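Asker: one predicted model, sequence on top.
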Amino acid sequence: MKRKYVWVVSLAIIVPMLAVFLGVQGVMAQAKYPTKPITVIVPWSVGGSTERVARVGAKMLSDKWGVSVNVTAKPGGKGIPGTMEALSAKADGYTLLADADGSNAIPAAWGKDVPFKIEDRTYIAKIAEFPWVFAIRSDLNWKSLDDVAAAIKASPEGIKWGWLGGTAGADGPVGQFRAALKQKGIDVSKVKMVTYPGGSDLVTALAGGHVDIGSASTTSVGPMFSAGKIKFVAVTGNSRYSGYPDLKSTGEQGWKTVTFQGHVGFAGPKGLPADIVKAIEEAIGGSINSAEVKNELAKIGAVPAFAGSQDFRKYVLDLANELKGMK
């Protein structure tokens, strides 16, 4: 009888203690993320728009949590290998994708045999947007898109046009401009398209005179433009970009369908836990309008454009549908 009493008393003590212990363990499990460095994969070259915005986003997370957030560029293959690596990673929040139009909406709308779907990922947060410029070799006398159109009409086989292969962000304005040229009866089939692995490579090629024209983000053209090694003929949109106030927009020049804007955000593998999505989303949303972040984005030609997980997803899907109509 005495032993039974001792056993009951023991259970009375152990069960509450066990409940408390498990509760503590549960709280600890929820508080674990992040406990180690995070990798953000950029499927394009170092120095391009996606990589530069991703670094601003990575700093926001690092400052918030005190952990290393490492941005790793893995260019090549029209952005597909890097995108696939990020989306195939373990869904634990330690491998993220710097997700831009070139890894979501454009390949979905214009790509062929793309091995991923834009629905099959976890959208976390959109960070920034930026316009694109049509840049040319510094020794050319083109002043506008009309001048470019006239040159292509006169001698299409003599034009070398740099791009990223047809499924990257820089190819958005290219696709729109080529479609607009076709509508005007200008044959662009004989223009020589030269492919580069990233926006920074394309800008370098322009500066070196290897191609005549290309589209590049406002986040990647500053140094070469300031050095006088490239010129601009237009910036995408219906209004001028504050960073280059003297440069006429595509809309101002009468090219109303050439208005593509770029974006960069963070995404992850499909099935990323909701608490991790919320943690990253809140960290970016809570920092995006700080003076420091605005200043850092302004330095690279971008503007804050935060959207949470669901809004970011809708933004991309809507953009893909819009681009499909331009194909």
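Answerer: Looks like it came in fine. Residues are numbered from 1 along each chain as shown.
Asker: show the model's pLDDT score for the closest residue to Ile159 other than its chain neighbours.
Answerer: Closest residue in space to Ile159, ignoring its immediate chain neighbours: Val191 at 4.8 Å, by Cβ to Cβ, 6 or more residues apart in numbering. C-betas here are computed from N, CA, C, even on glycine. Val191 carries a pLDDT score of 95 in this model.
Asker: got the domain ranges for the chain?
Answerer: Per automatic domain parsing, the domain ranges recorded for the chain read 38-130+262-324, 131-235.
Asker: for Leu272, give me its contacts.
Answerer: Ala91, Gly93, Thr122, Ile124 (Cβ atoms under 8 Å, 6 or more residues apart in numbering).
Asker: let's have the residues you listed in a markdown table, adding secondary structure, distance to Ser200 and neighbour count.
Answerer: Shown next, in a markdown table, are these (DSSP: H, G, I helix; E, B strand; the rest coil; distance: Cβ to Cβ, whole Å; neighbours: other Cβ atoms under 10 Å):
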| residue | secondary structure | distance to Ser200 | neighbour count |
| --- | --- | --- | --- |
| Ala91 | coil | 30 | 16 |
| Gly93 | coil | 28 | 21 |
| Thr122 | strand | 28 | 25 |
| Ile124 | strand | 25 | 29 |
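Asker: count the neighbours of the residue nearest to Ile159 for me.
Answerer: 20 (other Cβ atoms under 10 Å).
Asker: next, give phi and psi for it.
Answerer: With angles defined as degrees, to the nearest 10, Val191 sits at phi -70, psi 140.
Asker: state the distance from it to Lys32.
Answerer: 54 Å (Cβ to Cβ, to the nearest Å).
Asker: about what we covered before: my read is that the residue nearest to Ile159 contacts Trp161, right?
Answerer: Yes: counting by Cβ atoms under 8 Å, Val191 touches Trp161, with 5.3 Å between them.
Asker: and the residue nearest to Ile159, what does it touch?
Answerer: Shown in contact with Val191 (Cβ under 8 Å, 6+ apart): Ile152, Pro156, Glu157, Ile159, Lys160, Trp161.
Asker: repeat that for Gly82.
Answerer: Counting by Cβ under 8 Å, 6+ apart, Gly82 has contacts Ile41, Val42, Pro43, Trp44, Ala73, Lys74, Pro75, Gly76, Ser103.
Asker: mark which of those are buried, thanks.
Answerer: Among the contacts of Gly82, those scoring as buried are Ile41, Val42, Pro43, Trp44, Ala73, Lys74, Pro75, Ser103 (criterion: 16 or more other Cβ atoms under 10 Å).
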